[in-house]
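[1] below: sequence and its predicted model.
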Amino acid sequence: MSTDTNAVSSREQVGWSNSALARLALVRRGRPAATLVLLLALCIQIFNANDDYSRIRSTVYDFYHRLSPRKVEELPVIIIDIDERSLQQYGQWPWPRTLMAKLIDKVGDQGVLAIGLDMVFAEPDRSSPGAFAANYPNLPENLKTELSGLPSNDDLLADALRRNRVIVGRGALDDATPARKNAPMTPSQVSDGAAASFLADFPGHLTNIPILSKAAAGFGYVNAIRDPDGVVRRMPVVLNMDNKVAPSMALELLRTALGANWFTVNADATGVQSVAIGDAVLETDPKGQVTLHFSPANPQRKISAADVLSGKIPSPGFAEQIALIGVTGLGLADVATTPVSARLDGVEVQAQFVENLLYGARLKQSNAIRWGEAATLLLSGFALVIITPLVGPVLGALTLGVLLAAQLGGGYWAFAQTGQLFDPAYPALAACFVFMTMILIHITESDRNRRLLNDQLERERLENARMSGELAAARDIQMGILPDTDTIEDMPSNLEVHAFLEPAKEVGGDLYDIFMVDEHRLYFMVGDVSGKGVPASLFMALSKALCKSAVMREKATVADLLATANSEIARENPNFMFVTAVAGIIDARTGAMEFCNAGHDSPYVIGAGKPARPLETIGGPPLCVVDDFPYPVEYAQLEPGETVVLTTDGVNEAMTNEDAMYGTARLIDFLNTVPDDAPTSSIVSSLYKDVKTFVDGAEPNDDITILALKYSTPS
C-alpha cells in the first residue's frame with residue numbers, strides 16, 4: 001500500500017520546506033537586521049574615532065607593540081642614572097645641590113648638546129652654609145657671619161646651570177598653585193590663537209626655585225599621560241598652562257640642542273598639526289600629543305652617576321648626545337607601565353620620547369587610515385551579510401574567521417611597516433555582531449520551523465493513525481466478504497474445499513469465491529486485480545460482487561457468465577483496471593468440471609497417485625481488457641481423490657531479499673510432495689508455509705491467495 005510511502009514523501013517535503021523556509025527567513029530577515037547592526041556599528045566607530053582611549057583598541061595596539069617594538073640602532077639620548085650604587089656611594093637622596101652642580105659640570109664636560117633634569121628643586125637646599133648657620137643659633141657669631149657670607153648651594157647649582165645648557169624639569173598639577181603666574185615660560189609662537197584650547201590643560205604646576213629657573217636654559221614639563229588602565233601610551237609635546245603654550249621636557253631638550261630660542265605651534269581650526277623648532281617640524285595629533293613607539297628598556301642607555309662623578313667616563317664620552325639626569329634608586333624612581341614593559345623608569349620614558357620626536361618614530365593615525373577602518377568595517381560586514389545565507393552557518397563562521405585574521409593581520413602590518421595605527425577592533429566586533437545577528441535569526445527561524453515541522457508531523461501521525469484504523473476496518477470488511485469455506489451451505493459431502501488470502505499490505509486485490517449454484521454444482525473462482533492497496537481492494541470487491549451476480553442471475557455456461565461479468569465490470573471501470581481470473585463449476589455427482597481462464601495462472605491437479613499436472617487451457621485476456629471477448633470453455637474430469645489447486649501470482653512470484661523468485665518449478669515440486677490423503681486445509685497451509693520459508697522474512701510484493709478443491713467418490 002502507498003500510505004507509508006506518502007508519509008515518507010510528506011516528511012521529505014516538509015524537511016525540504018523547513019530548510020527552504022530557514023534560508024528564506026535568513027535572507028529576508030537576517031540580512032536587513034544584520035545590515036542595521038552594521039550601520040549602527042559604523043556610526044559608533046565614527047562617533048568614537050577621535051577618542052583618546054578605547055580598552056579594546058588599546059589592547060590590540062599593545063599586542064602589536066609587543067610583537068614589534070621600536071628597533072633601537074642609535075642612542076641619541078643618554079641617561080645619567082642616580083641609581084642604587086650612586087646613592088650608596090654618595091649618600092641618600094636628595095643630594096646636596098653642590099654635588100648636583102658637580103654632576104652637571106662633569107656631564108657638560110663630556111660634550112653633550114643639552115642636559116635635562118628629570119626632577120624639580122621646588123625648595124631651597126637646607127644644607128647651604130647660611131641655612132646651616134640659621135639652624136644652629138649657638139654657633140659663634142664670627143662663624144655664623146662667615147657661613148652666611150658664603151654662596152648658597154643653590155647659587156652654586158645655578159652657576160652650573162649657566163655654564164651648561166640645562167633644562168630644568170617642571171610638573172604640571174591638577175591643582176592651582178599661587179606661584180604659577182610668576183614662573184617664566186619658554187618663548188613660543190602660535191599660528192592660531194586658539195591653539196591652546198586643544199591642548200591638555202593643567203590648572204597648576206610645580207616649578208623650581210626662582211634662582212634655578214633664571215639660570216636654566218629652558219623649562220620642560222615631565223608629565224606623561226596615563227590612560228584609564230594606567231598605561232602610558234602618549235606624551236604631550238606642548239601643554240596649556242594658564243592659556244599659554246608650555247613645552248615638554250623632550251621639546252625643550254631638542255630646542256636647546258638645535259640652538260633655537262623659541263618654538264612654533266602650527267595649528268588650525270581642527271587642532272594642532274605640528275610643532276616647529278627652526279626648520280625641524282615635529283608632527284603631533286590635534287591635541288599636541290604623540291603616541292610613542294616604545295622599545296624595551298635598554299641598559300646601554302644608562303650610565304651610573306657614580307661613574308660620572310668619579311671620572312671613570314673618558315672625555316668626551318657623550319659628545320653630540322642629549323643627557324637626561326634622573327633618579328632610579330630603589331624607592332625613589334618614577335615608574336611607568338608601557339605597552340612593552342610593566343615597569344619602565346620615568347626618565348627612560350622621557351629619553352624614548354625625545355627619540356620618537358627626533359626620528360619621527362611616533363605612532364600615528366591619518367585620516368586615510370580612519371577611512372580605511374570604516375571601509376573595512378563596511379566591506380567585511382557586507383561580505384558576511386551576502387555570503388552567510390548562501391553557504392550556511394559553518395562556512396559563514398569560517399568566512400568570519402578569515403575576515404578577522406585579515407583585519408588583525410592588516411592592522412599589524414600597518415603598525416610594523418608604516419607606524420600607522422589601524423584599528424581592527426571595531427571592524428572585527430562589527431563583523432562578529434553581524435554574524436551573530438544572522439545566526440541568532442537563523443536559529444530563531446529554524447526553531448520556529450522545527451516547531452511547525454513537529455506540529456505537521458504530529459498531524460501526519462494522527463492522520464496515519466486514523467488511516468491505519470480505517471485500513472484495518474477495510475481489511476476486516478474485505479476479509480469478511482470472502483466466503484468461509486467451512487460453512488458453505490448445502491455443499492455435497494464428497495467435495496472438500498479450503499481457501500486462504502493474505503494481502504501484501506493492509507488490503508489487497510486478490511479475491512476468491514465459492515458457493516453452490518444448485519444442489520449438485522459448486523461454483524469456484526480465484527482472481528487477481530491489477531495493482532495493490534485500496535484501489536485494488538475496491539475493484540476486487542466490485543468484481544467479486546458482479547461475478548457472483550452474473551452467476552446467480554443466469555443459468556448459462558461458465559464462458560457466458562464470464563463474458564457477462566467482463567461486460568459489467570468494464571462498465572464500472574473508469575481507471576481501466578483489469579482482473580485475471582479462473583472461474584469454474586464442478587459437478588459433485590461425476591467430478592466433471594467446466595472452467596474458463598481469463599489471463600490467470602493455470603490450475604494444478606494433484607492426487608490419485610499421479611504427479612502434479614497443470615490444466616492447460618486456451619483461455620483469454622483478463623477481464624476488462626477486451627470487450628465482448630468470447631471466452632472458450634475448458635473441460636476436465638477429476639478422478640476420486642484428486643484435488644484442484646489454484647493460486648495467484650503472489651505465490652510463484654514471491655521473492656527473497658536477494659531477488660530470488662519462488663517460481664513455477666518450486667511450486668510443482670511442492671505439489672508433488674503432497675500426500676494423496678492430505679486434507680485441503682493442510683495443502684493450503686503447507687504451501688503458504690513453504691513460500692514464507694523460502695522468502696525468509698522478505699517484504700511481500702504481492703497478495704497471496706491459495707484455493708484447494710478436492711473431489712471424492714460420491715457416497
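    In hand now; what should we look at? Residues are numbered from 1 along each chain as shown.
[2] any low-confidence regions in the stretch 151-300 of the chain?
    Low-confidence segments of the stretch 151-300 of the chain (pLDDT under 70): 177-182.
[3] please enumerate the strands of it.
    For the stretch 151-300 of the chain, the strands defined by DSSP state E, counting those that start in this stretch cover 166-173, 188-190, 201-202, 204-206, 218-221, 225-226, 232-236, 238-241, 244-247, 263-268, 271-277, 280-283, 289-291.
[4] which helices and strands sit right next to the fourth one?
    Contact here means 3 or more C-beta pairs under 8 Å, 6 or more residues apart in numbering; DSSP states H and E; on that basis strand 204-206 packs against strand 166-173. C-beta here means a position set from N, CA and C on the backbone, and glycine is covered the same way.
[5] quick one: strands adjacent to the strand it packs on?
    Sheet pairing of strand 166-173 (DSSP bridges) gives strand 114-117 (parallel), strand 204-206 (antiparallel), strand 218-221 (parallel).
[6] highest mean neighbour count out of the ones you listed?
    With neighbours taken as mean count of other C-beta atoms under 10 Å, the strands paired with strand 166-173 reach their highest mean count in strand 114-117, at a mean of 28.
[7] show me the domain layout of the protein.
    Following automatic domain parsing, the chain resolves into domains at 3-65+366-456, 72-122+155-359, 483-711.
[8] now distance to Ala131 too, for these, in CSV please.
    Listed next are the domains of the chain as CSV, based on distance: least, C-beta to C-beta, whole Å:
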stretch, distance to Ala131
domain 3-65+366-456, 45
domain 72-122+155-359, 11
domain 483-711, 115
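[9] to Asn464, which of these lies closest?
    When the domains of the chain are compared by C-beta to C-beta, domain 3-65+366-456 sits nearest Asn464, at 5.7 Å.
[10] what about stretch 109-123, how long is it end to end?
    Length of stretch 109-123, first residue to last, C-alpha to C-alpha, to the nearest Å: 27 Å.
[11] swap that for stretch 48-56, sorry
    Distance across stretch 48-56, first residue to last, is 12 Å (C-alpha to C-alpha).
[12] swap in stretch 505-516?
    Stretch 505-516 has its terminal residues 31 Å apart, counting by C-alpha to C-alpha.
[13] ok, then the element right after the lowest-mean-pLDDT helix or strand in the chain?
    Across the helices and strands of the chain, the lowest-confidence element by mean pLDDT, DSSP states H and E is helix 3-25, at a mean of 44. Using DSSP states H and E, the next helix or strand after helix 3-25 towards the C-terminus is helix 31-47.
[14] ok, residues contacting the helix or strand that that following helix is followed by?
    Note on helix 31-47: by DSSP H and E, the next helix or strand toward the C-terminus is helix 55-67. If you take C-beta atoms under 8 Å, 6 or more residues apart in numbering as the criterion, helix 55-67 is touched by 227-229, 231, 233, 293-294, 339-340, 363, 408, 411-412, 415-416, 421, 423-426, 429.
[15] return the set of buried residues in helix 55-67.
    Arg57, Ser58, Val60, Tyr61, Asp62, Tyr64, His65 (16 or more other C-beta atoms under 10 Å).
[16] now the angle between strand 232-236 and that helix, please.
    Helix 55-67 runs at 100 degrees relative to strand 232-236, counting by axes from the mean of the first three to the mean of the last three C-alpha atoms, to 10 degrees.
[17] hmm, back to that, ok, which of the strands paired with strand 166-173 comes nearest Pro614?
    Closest approach to Pro614 among the strands paired with strand 166-173 (C-beta to C-beta): strand 218-221, 121.7 Å.
[18] can you flag which of the contacts of helix 55-67 belong to helices?
    Judged by DSSP state H, the contacts of helix 55-67 include Leu408, Gly411, Tyr412, Phe415, Ala416, Ala425, Tyr426, Leu429 as members of helices.
[19] where's the closest residue to Tyr412 other than its chain neighbours relative to Ala368, distance?
    Closest residue to Tyr412 apart from its sequence neighbours, by C-beta to C-beta, 6 or more residues apart in numbering: Tyr64 at 5.3 Å. Tyr64 is 19 Å from Ala368, where distance means C-beta to C-beta, to the nearest Å.
[20] same check on Pro184?
    Counting by C-beta to C-beta - Pro184 and Ala368 are separated by 41 Å.
[21] higher neighbour count, these two?
    Pro184 (12 against 9; other C-beta atoms under 10 Å).
[22] hang on, isn't that one packed against Phe219?
    Yes. Counting by C-beta atoms under 8 Å, Pro184 touches Phe219, with 6.9 Å between them.
[23] what's the overlap in contacts for these two?
    Going by C-beta under 8 Å, 6+ apart, residues that sit against Pro184 and also against Phe219 are Ser213.
[24] so what's the gap between the host helix or strand of Glu460 and the chain middle?
    With secondary structure defined by DSSP H and E, Glu460 is part of helix 425-481. Chain-centre distance of helix 425-481: 24 Å, with C-alpha atoms, centre = their mean, to the nearest Å.
[25] pLDDT (mean, whole number) over it?
    The average pLDDT within helix 425-481 is 77.
[26] then stretch 34-43?
    81.
[27] which residues touch that stretch?
    With C-beta under 8 Å, 6+ apart, stretch 34-43 has contacts from 374, 377-378, 381-382, 384-385, 426, 429-430, 433-435, 437-438, 441.
[28] buried only: go through those for me.
    Listed as buried from the contacts of stretch 34-43 are 374, 377-378, 381, 384-385, 426, 429-430, 433-435, 437-438, 441; burial here means 16+ other C-beta under 10 Å.
[29] residue ranges of the helices in the stretch 601-715 of the chain, please?
    Secondary structure of the stretch 601-715 of the chain (DSSP state H, counting those that start in this stretch): helices located at 649-652, 663-672, 680-695.
[30] please save the CA atoms from the longest one in PDB.
    Only the C-alpha atoms of helix 680-695 are listed here, as PDB (Å, rounded to 0.1, in the frame of the first residue of the first chain):
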ATOM      1  CA  THR A 680      -7.300 -29.300   1.600                       C
ATOM      2  CA  SER A 681      -6.700 -27.200   4.700                       C
ATOM      3  CA  SER A 682      -3.300 -28.900   5.100                       C
ATOM      4  CA  ILE A 683      -2.400 -28.400   1.400                       C
ATOM      5  CA  VAL A 684      -3.200 -24.700   1.600                       C
ATOM      6  CA  SER A 685      -1.300 -24.100   4.900                       C
ATOM      7  CA  SER A 686       1.700 -26.200   3.900                       C
ATOM      8  CA  LEU A 687       2.100 -24.300   0.600                       C
ATOM      9  CA  TYR A 688       1.800 -21.000   2.400                       C
ATOM     10  CA  LYS A 689       4.400 -22.100   4.900                       C
ATOM     11  CA  ASP A 690       6.800 -23.200   2.200                       C
ATOM     12  CA  VAL A 691       6.500 -19.800   0.400                       C
ATOM     13  CA  LYS A 692       7.200 -18.000   3.600                       C
ATOM     14  CA  THR A 693      10.200 -20.200   4.400                       C
ATOM     15  CA  PHE A 694      11.600 -19.500   1.000                       C
ATOM     16  CA  VAL A 695      11.400 -15.700   1.200                       C
END
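[31] and that helix, how far from the chain's centre?
    In terms of C-alpha atoms, centre = their mean, the gap separating the centre of helix 680-695 from the centre of its chain is 61 Å.
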